[in-house]
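Peer 1: Could you work out the structure for the sequence below:
(2 chains)
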Protein chains: 2
Amino acid sequence: MLIVQKFGGTSVANPDRVFNVAGIITEKFKEGHDVIAVVSAQGDTTDELIEKAREINRDASRREMDMLLSAGEQISAALLAMAIEKLGYPVISLLGWQAGFNTNSAYGSARIKRINTERIRAELDKRKIVIVAGFQGINRHGDITTLGRGGSDTSAVGIAAALGADLCQIFTDVDGVYTADPRKVPTAFKLDEITYDEMLELATLGAQVLNNRSVELAKKYNIELEVLSSITKVPGTRVKEAVKVEKMLVKGVAKDTNVARVMIVGVPDKPGVAFQVFSRVAKAHINVDIILQSVGRDNTKDITFTVASDKGAESVAAIKDYVEKIGAKSLTYDTNVAKISIVGAGMETHEGVAARMFEALADAGINIQMISTSEIKISVLIDAADADRAVAAVHSAFFDVQNML
Amino acid sequence: MLIVQKFGGTSVANPDRVFNVAGIITEKFKEGHDVIAVVSAQGDTTDELIEKAREINRDASRREMDMLLSAGEQISAALLAMAIEKLGYPVISLLGWQAGFNTNSAYGSARIKRINTERIRAELDKRKIVIVAGFQGINRHGDITTLGRGGSDTSAVGIAAALGADLCQIFTDVDGVYTADPRKVPTAFKLDEITYDEMLELATLGAQVLNNRSVELAKKYNIELEVLSSITKVPGTRVKEAVKVEKMLVKGVAKDTNVARVMIVGVPDKPGVAFQVFSRVAKAHINVDIILQSVGRDNTKDITFTVASDKGAESVAAIKDYVEKIGAKSLTYDTNVAKISIVGAGMETHEGVAARMFEALADAGINIQMISTSEIKISVLIDAADADRAVAAVHSAFFDVQNML
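Peer 2: Here you go, the predicted structure:
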């Protein structure tokens, strides 16, 4: 079997953990498998490098930031290779560009365009364990790029897809995908399996177990993922296309506080306004999540949308001139909100799921500000202060034994 | 003018120093020059990375060590570029492989084979300041190599040679080349100029101002070097082919304690013994410095030679079998020695220089164990404990005003 393993920063934070990871890798290798391990920067390295940059220039170019940050994975990849050498196994570490990761030039959030697998294949043919520095690639100018937050997951799934790997294991600091954050909801439990789409909704919604781009990639190339812990060594959650039929309609409850709500109140009710607003937001490279347009009074309407919390001010700046020109009443943003979502592939064929969620929130006295639904998820925007209580209430409504009967 | 500047690790050790260096670079750029700055890893970064490696594997492969260590210059190059961005000048940082440094595969002490200047030229043509990560290159396998101790000097002179630069400034923590170590000899003074050969002897002899490979390269391609301080901003010492005629016969006194003396006593006096000994040492990749062969008693001779202090044991191991086979009396090594040297191009045409040096040592009661001379230098091996006193005594003999009259 060809197995790709990915280890996050906490999994390699110190020498003991590096050897723990080296043990996991060599165990698979000993079983006769080809193993590629993608590794993130150690513990706080990335944050420390960002701090070093900030001390010098808070507006440093993204190109130089990528040059700087990619050193973090370079260090962890070399150290992990050294640990495997110490254990007596053949190994080689490769940087993103050496491993063939060709990306576009969007420094800081580059997209993989192509993975040239020649070098990796040659090393695997020599029966070497290959350590790949995650999170990084190279653009057509020969400059180093980084894949953005959670980029090492994307590196791992990308290489698994390019090589047609049999399994891609994502080792993280949790031992699988839970029905809710187990630190917040004591009754949350681990799922054995979940579909790509469900995982995608959970990832997008802030469950933060897996980077969503990596799940998209896995789905596209049908790479089976396993999310598991590098410490506990128990089976994790498998992410794949079809899963065993389960009774559960809802797979999980997620909370996302990385949200800003932008409100335009009193927009003249004429065609093209939404297009003008959102094309400006898109031009500023800001992703919009939920959009809500409501009829207002006096031939006006209100447009509300959500973006990542650090994009609130940028969004306002991007549309301010236009919004003033058309004579809207006000343009504000607010980061004091949270998005609570339930996800489950069975949801679309069952009535009453949304109602049960809204009821749970109402019983807990939590006001719903916005609602957004897809075939497999329902999201609500609420006050940030209510977020944890909301998750607990919704989780209880769907997963507590008395409610499942 | 095309100017290459090199900044050592202490010159970029913290944000203030990074901005100081950015100021030096942009000052030249403002004057209209093309500027390439080669930078070492910040302060103790390299030592910290070595320590990280040691915690994991004291016998890590050199290939992975180079992968690890090259991250240090990557970080400092990116930070320096960010500082220059902050000052508002166009800049780009390049890693060794991006800057075209092709080396052989001697990981840890690679030699530059070729510098492909295409990328650097393209960036200079765009009127950018180019920051190059020193100390590193790439071999024909596409793997990262490092140039060994003082490698950033070699990077700087190499790029200056490849581009035909008009001047290569080596910024360091001393403000030039002194007649002796000014921290040890208060009467030591700074030289305005020195020839490549003199500098080469001083570099080899442990003056440690400039890496000797970089001086060899500068001599070969006739690149004018200037050694100066990034802090004091006063003119430094120029290193070039012909220097102004000076009255001084001796340019400097150097001390080198990185010496081990290997002694083979009682070697049968027959042909080929020296060849057999030194070919074995060479095969072990050990550089021999001074060799002394003396006639012993009873048709035997003694062979003594010096190597770097950490190569003493390796040297003994390399020749042990042969030395036993020929029936020599003993084979030992000793690191408790130091080499004191005087260097000066005028020396060969003047009598009495050696005599004056030996007299100074004798007056100080210091025993000479070995002597080695070349056209422009005289070296003596003495007890390590006498080293500093020896430098002071010799310096005084040649440079104190009363002795120069």
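
Peer 1: A:F19 in helix, strand or coil?
Peer 2: Of the three states, A:F19 takes helix according to DSSP: H, G, I helix; E, B strand; the rest coil.

Peer 1: How many residues are close by it?
Peer 2: Around A:F19 there are 18 other residues, counting by other CB atoms under 10 Å in any protein chain shown. (C-beta placed from N, C-alpha, C; glycine too.)

Peer 1: For it, which residues are in contact?
Peer 2: Contact partners of A:F19, counting by CB atoms under 8 Å, 6 or more residues apart in numbering or on different chains, are A:83, A:86-87, B:56.

Peer 1: again, but for A:K126
Peer 2: Residues in contact with A:K126, defined by CB under 8 Å, 6+ apart, are A:P90.

Peer 1: how much space between it and B:V39?
Peer 2: Counting by CB to CB, to the nearest Å, the separation of A:K126 from B:V39 is 35 Å.

Peer 1: and if you look at A:I382?
Peer 2: Going from A:I382 to B:V39 by CB to CB gives 51 Å.

Peer 1: Domain map for chain A?
Peer 2: Domain segmentation of chain A under automatic domain parsing yields A:2-173, A:260-334.

Peer 1: Looking at the shortest one now, give me its mean pLDDT.
Peer 2: Per-residue confidence for domain A:260-334 averages out to 87 on the pLDDT scale.

Peer 1: quick one: it to chain centroid distance?
Peer 2: 26 Å (CA atoms, centre = their mean, to the nearest Å).

Peer 1: List the contacts of A:I286.
Peer 2: A:307-308, A:311, A:314-315, A:318.

Peer 1: Max pairwise distance over those: which two?
Peer 2: Pairwise distances across the contacts of A:I286 (CB to CB) peak at 13.7 Å, for the pair A:A308 and A:A318.

Peer 1: picking up where we left off before, which one of the contacts of A:I286 is nearest to chain B?
Peer 2: A:E314 (20.9 Å; CB to the nearest CB).

Peer 1: thought that closest one was touching A:A284?
Peer 2: Yes. Here A:E314 reaches A:A284: they are 5.9 Å apart, a contact under CB atoms under 8 Å.

Peer 1: Looking at those two, which is more packed in?
Peer 2: The residue with more neighbours, out of A:E314 and A:A284, is A:E314; 18 against 13, by other CB under 10 Å.

Peer 1: Just say helix, strand or coil for the more buried one.
Peer 2: helix.

Peer 1: How about A:V253?
Peer 2: Recorded secondary structure, A:V253: strand (three-state DSSP).

Peer 1: For A:R114, give me its contacts.
Peer 2: By CB under 8 Å, 6+ apart, A:R114 lies in contact with A:100, A:102.

Peer 1: coming back round to it: make TSV out of the contacts of A:I286 and add distance to B:L147.
Peer 2: Formatted as TSV, those follow (distance: CB to CB, whole Å):
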residue	distance to B:L147
A:V307	48
A:A308	44
A:K311	44
A:E314	44
A:S315	49
A:A318	48
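
Peer 1: element containing A:T26, please.
Peer 2: helix A:15-30 (DSSP states H and E).

Peer 1: In that helix, which residues are buried?
Peer 2: Residues A:15, A:17-22, A:24-26, A:28-29 are the ones in helix A:15-30 that count as buried (16 or more other CB atoms under 10 Å in any protein chain shown).

Peer 1: Among those, which one sits closest to A:V337?
Peer 2: Minimum separation from A:V337 among these (CB to CB) is found for A:R17, which lies at 36.3 Å.

Peer 1: Look up the closest residue to that closest one, ignoring the ones flanking it.
Peer 2: Leaving aside its chain neighbours, A:R17 sits nearest to A:S11 (6.0 Å; criterion: CB to CB, 6 or more residues apart in numbering or on different chains).

Peer 1: you'd agree the one you found is in a helix?
Peer 2: Yes. Under three-state DSSP, A:S11 falls within a helix.

Peer 1: distance of it from chain B?
Peer 2: Separation of A:S11 from chain B (CB to the nearest CB, to the nearest Å): 15 Å.

Peer 1: next one: A:S374
Peer 2: According to CB to the nearest CB, A:S374 and chain B sit 41 Å apart.

Peer 1: my guess is that residue meets A:E198, correct?
Peer 2: No. A:S374 is not in contact with A:E198 according to CB under 8 Å; the separation is 11.1 Å.

Peer 1: more crowded one of those two?
Peer 2: The neighbour comparison of A:S374 against A:E198 (other CB under 10 Å) goes to A:E198, with 25 against 13.

Peer 1: Hmm, that one is touching A:M347, no?
Peer 2: No. The pair A:E198 / A:M347 is not scored as a contact, 9.5 Å apart, by CB under 8 Å.

Peer 1: so what's in contact with those two at the same time?
Peer 2: Joint contacts of A:E198 and A:M347 (CB under 8 Å, 6+ apart) are A:I376.

Peer 1: re the thing from before, more crowded one of A:I382 and B:V39?
Peer 2: B:V39 (33 against 20).

Peer 1: ok, which stretches of chain A are helices?
Peer 2: Assigned by DSSP state H, the helices in chain A fall at A:15-30, A:45-56, A:62-86, A:118-125, A:151-163, A:196-202, A:212-221, A:273-283, A:312-325, A:353-363, A:387-399, A:401-404.

Peer 1: Distance to B:A355 for those - can I get that in TSV?
Peer 2: Compiled in TSV, the helices of chain A are given as follows (distance: least, CB to CB, whole Å):
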stretch	distance to B:A355
helix A:15-30	58
helix A:45-56	56
helix A:62-86	54
helix A:118-125	63
helix A:151-163	69
helix A:196-202	85
helix A:212-221	77
helix A:273-283	83
helix A:312-325	79
helix A:353-363	99
helix A:387-399	88
helix A:401-404	102
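
Peer 1: quick one: which of those has the weakest pLDDT on average?
Peer 2: helix A:401-404 (a mean of 53).

Peer 1: So the residue of chain A positioned farthest from its centre versus chain B, what's the distance?
Peer 2: Most distant from the centre of chain A: A:D298, at 41.9 Å, with distances by CA atoms, centre = their mean. Remark: distance between A:D298 and chain B (CB to the nearest CB) = 50 Å.

Peer 1: one step back: orientation of the helix holding A:T26 relative to helix A:62-86 in degrees?
Peer 2: Here helix A:15-30 runs at an angle of 70 degrees relative to helix A:62-86 (axes from the mean of the first three to the mean of the last three CA atoms, to 10 degrees).
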